[in-house]
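A.B. asks: Task: produce atomic coordinates for the following.
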Amino acid sequence: MPPLAITTVTVPVADQDRALRFYRDVLGFEVRADDAFGDQRWLSVAPAGSAVELTLHPPFPGQAGPGWQLGVVLVADDIAGVVASLRHAGVEVADPERVGWGLQTQFADPDGNGFVLVQRS
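C.D. replies: Residues are numbered from 1 along each chain as shown. Here you go, the predicted structure:
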């Protein structure tokens with residue numbers, strides 16, 4: 001099979017403006033696209049330098065409501081600093097725990113989509 005690549009992960013959100021404020025202003029992601037198409041909006045964000053974007057979009061017909069995306073892993077060099085920043089912004093996040101590959105914790109966006117935050121050893 002020819003090689004494949006992941007470019008986009010859709011994160012279902014109820015309010016794209018609220019989601020944009022969280023991902024851009026709290027997580028520090030850059031806006032990759034914010035374009036209208038028909039009566040919809042294509043909004044994608046990503047950490048600087050990331051090859052994978054998150055598309056923040058209301059659920060498509062037949063999809064579950066916002067909050068079903070779980071387990072997207074974000075990697076940090078300074079997990080304590082990220083946790084402190086998240087808490088300062090009012091995000092609930094547990095203290096990082098030591099796991100086999102380093103330190104790890106979890107948090108959710110305003111719609112309940114869950115992320116794993118990892119600092120590798």
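
A.B. asks: In the chain, which helix is the longest?
C.D. replies: Looking across the chain with DSSP state H, the single longest helix is helix 79-88.

A.B. asks: Flag every buried residue along that helix.
C.D. replies: Buried residues in helix 79-88, counted by 16 or more other Cβ atoms under 10 Å: I79, V82, V83, L86. The C-beta positions use only the backbone N, C-alpha and C, and glycine is treated the same way.

A.B. asks: got the residues you listed as a markdown table, with distance to T10 and pLDDT columns?
C.D. replies: A markdown table is the format used below for the buried residues of helix 79-88 (distance: Cβ to Cβ, whole Å; pLDDT from 0 to 100):
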| residue | distance to T10 | pLDDT |
| --- | --- | --- |
| I79 | 26 | 98 |
| V82 | 23 | 98 |
| V83 | 26 | 98 |
| L86 | 23 | 98 |
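
A.B. asks: Mind giving me the packing neighbours of the following helix or strand past the longest helix of the chain?
C.D. replies: Using DSSP states H and E, the helix or strand that follows helix 79-88 in sequence is strand 97-99. Contacts defined by 3 or more Cβ pairs under 8 Å, 6 or more residues apart in numbering; DSSP states H and E place strand 97-99 against strand 102-108.

A.B. asks: pLDDT averaged over the strand it packs on, what's the number?
C.D. replies: Averaged across strand 102-108, the pLDDT comes to 98.

A.B. asks: Buried residues in that strand, which are they?
C.D. replies: By neighbour count on 16+ other Cβ under 10 Å, the buried set for strand 102-108 is L103, Q104, T105, Q106, F107.

A.B. asks: would you turn those residues into CSV with distance to D39?
C.D. replies: Shown next, in CSV, are the buried residues of strand 102-108 (distance: Cβ to Cβ, whole Å):
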residue, distance to D39
L103, 44
Q104, 40
T105, 38
Q106, 35
F107, 32
